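In: next one to model:
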Amino acid sequence: MSKALNSKCWVILQFQYKFLIDQGRCCDPGFSGPDCSQSSCPGNCNNRGGRCINGKCVCNSGFGGEKCTDKTCPGNCNNRGRCVDGKCQCNPGFSGPNCSQSSCPRNCNNRGLCVNGKCVCESGFGGESCADKTCPGNCNNRGRCVNGQCICEPGFDGLDCAGKMCPENCNGRGVCVDGKCVCESGFGGENCGDKTCPGNCNNRGHCVDGKCVCARGFKGVDCAERACPNECSGRGKCMEGRCVCEGGFTGADCSAKGCPGNCNNRGRCVKGKCVCRRGFSGADCGQCQDGLTGPSCDTGMTCVTGV
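Out: This next block holds a predicted model:
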C-alpha cells in the first residue's frame, strides 16, 4: 500500500485503516511530512519532552519512555533505589537525590555526622547509631559504663575510674594519694587506723595505743632520755643516765646514806657513818687517833718535857 493516496485529502474510514491529514495529503499511521516520507513518533514525544528522530523519541533531560512522558531520576538512582515520579526512593543503606550516598542507621539519632555510611558521634555518645551514652575515658578500663556513668571496679573511683582508692578511705585521718594514705600526725598504718608514737619511740621502745613503752634504761614521751636506776630513789637528779645524789646520799641510785667527805678515803661508809682505818678517827676520818701523827697517822708522838 502507498504512503499517500492522491493529491487531494480524502478521509476514508475503512475497517482496517485510519488515515492522518498532513498538508492536504493523507499519510498512513507512523508517517508524516509533505510526502509522508518521514517516520513519526508516538505522542509527538510529549511536545517539550523530546525530539523525534527517525521515528524515535530522543527525550530531553528529566524525561524518558517511548513518548518522553515519564519523569526520570538522576543517575537512574545508581541502581540503589526506585524512580517514582522523577524522585528516587532509595534502598535501605543509601540516601541522596540519586541514592549515591551511603546512609547511616537511624540517621545517627541526630547525635553525630554520617561519613561514608558510618556515624561519627558527638562527644558523650557512641555506638553504631550514636544511641549509646559514653563514659569519660571509657572508664579507663577500670569499670563498666552504664547509661553514661562509670561503675568502677573495687579499688578505683572518680568520674572516669582514674583515681585509686585507699583502704577505709584512710578512716578520715589522712589524705589518699595515688591509692596510699598520707596520715595526719599521730596516726599511721595502711588505713591510718593506728595511733602512732612520737619519734617512733626512737627505736628504744614499742608503741602501744599511741604511747611509748620504753626499753630498760630509757624514758620520756619518745624514749629519748636515758633513765637512771630507781629514778635515783628520789634523792638526786638523773643526768645522762647517772644519778647526781643529794647531800647525804650516795650509790648508783642514791639509795645509800653518804658519809661526810666520803670518809676522806680513810675508811668505809656504813649506813652513813665512817668506819675509819687504823690510825684515823673523826666523823670523816680526817684526824689521827690520839698519840699518832703524820700523813698516814702511823707515827707515834714523843713527849718533850718542859716544852
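
In: in this structure Pro74 contacts Cys88, no?
Out: Yes. Contact criterion C-beta atoms under 8 Å: Pro74 and Cys88 qualify, at 7.4 Å. Where you see a C-beta, it was placed from the backbone N, CA and C, and this is true even at glycine.

In: ok, the spatially closest residue to Gly199 that is not a sequence neighbour - how many residues close by?
Out: Closest residue in space to Gly199, ignoring its immediate chain neighbours: Asp222 at 3.9 Å, by C-beta to C-beta, 6 or more residues apart in numbering. The number of residues packed near Asp222 is 18, by other C-beta atoms under 10 Å.

In: okay, Asp222 and Cys83: tell me how far apart.
Out: Plainly put, Asp222 is 95 Å away from Cys83 if you go by C-beta to C-beta, to the nearest Å.

In: show me where the stretch 51-200 of the chain has its helices.
Out: For the stretch 51-200 of the chain, applying DSSP state H, counting those that start in this stretch gives no helices.

In: neighbour count: Pro74 and Cys88, which is higher?
Out: Higher neighbour count among Pro74 and Cys88: Cys88, with 23 against 17, using other C-beta under 10 Å.

In: dump the residue contacts of the nearest residue to Phe94 once chain neighbours are set aside.
Out: Nearest residue to Phe94, sequence neighbours excluded (C-beta to C-beta, 6+ apart): Arg80, at 4.4 Å. Arg80 is in contact with Cys90, Asn91, Phe94, Cys99, Ser100, counting by C-beta atoms under 8 Å, 6 or more residues apart in numbering.

In: could you dump those residues into CSV and include neighbour count?
Out: Shown next, in CSV, are these (neighbours: other C-beta atoms under 10 Å):
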residue, neighbour count
Cys90, 20
Asn91, 15
Phe94, 18
Cys99, 25
Ser100, 15
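
In: and the residues you listed, which is closest to Pro154?
Out: The closest of these to Pro154 turns out to be Phe94 (C-beta to C-beta; 48.3 Å).

In: the closest one pairs with what?
Out: Using DSSP bridges, the beta-bridge partners of Phe94 come out as Ser102.
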